[in-house]
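# kindly generate the corresponding structure for this input.
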Amino acid sequence: MEHQENIFPEVTFQPAHVDNAVFTKKVIRTTVILSVITLIELALGFVIYFMHKNAEYNHALVLFIKGVITILSLAKAFYIVSIFMHLGDEIRNMIMTIVVPLLLFTWFIAAFLIDGNSWRSLRNTEGHSKTYVEPVQEVQPEAKKPGSVE
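Numbers count the residues shown, from 1 in each chain. A predicted model of the protein is given here:
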């Protein structure tokens, strides 16, 4: 039986072994990119912190900065998964097998949080509040029983 080397060439590719200079350059590049993103996130966090010190801060600006921090965090997570977990070197079908369930799971969490917050908000408004008020019963004096002696 002869050796069948290329049965599935898209799956059985050999990893490229690079020399130390290329590997060192890749590590330094990854470290710099992740450090810069982290420093930007940290600076934006300090901006939000000092904005909260002011009594009249802009709520829309704070939400915008939080959105930017979230996007930067997702970009950093994508880069970490791509480089350190070697997902960037995989074939497209393998990447989709991991990414699509992760996106669905994230969507489920967001949907449940939004639905729960909506339910809480509706429950706490006066128009939708169903508080139980116990009816007041009048206490009547006991009637004299026939034949009782006082």
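# and I114, helix, strand or coil?
When classified by DSSP: H, G, I helix; E, B strand; the rest coil, I114 comes out as helix.
# count of neighbours near it?
10 (other C-beta atoms under 10 Å). Yep, even glycine has a C-beta here, placed from its N, CA and C like the rest.
# equivalent analysis for A75, please.
Other residues close to A75 by other C-beta under 10 Å number 12.
# that one reaches I37, doesn't it?
Yes. With contact defined as C-beta atoms under 8 Å, A75 counts as touching I37 (6.6 Å).
# can you list the domain ranges for this structure.
11-85, 91-118 (automatic domain parsing).
# point to the residue nearest the middle of the chain.
T106 (6.5 Å; C-alpha atoms, centre = their mean).
# how much space between it and Q137?
54 Å (C-beta to C-beta, to the nearest Å).
# repeat for K25
84 Å.
# list the helices and strands the longest helix seen in the chain packs on?
The residue-count maximum for a helix in the chain (DSSP state H) belongs to helix 20-53. Where contact means 3 or more C-beta pairs under 8 Å, 6 or more residues apart in numbering; DSSP states H and E, helix 20-53 is packed against helix 59-84.
# centre of the chain to the helix it packs on, how far?
Averaging C-alpha positions (C-alpha atoms, centre = their mean, to the nearest Å) puts helix 59-84 11 Å from its chain's average.
# if we can go back for a sec, and the residue nearest to the centre of the chain, how far from W119?
Taken as C-beta to C-beta, the span from T106 to W119 is 21 Å.
# with G45 instead?
Taken as C-beta to C-beta, the span from G45 to W119 is 31 Å.
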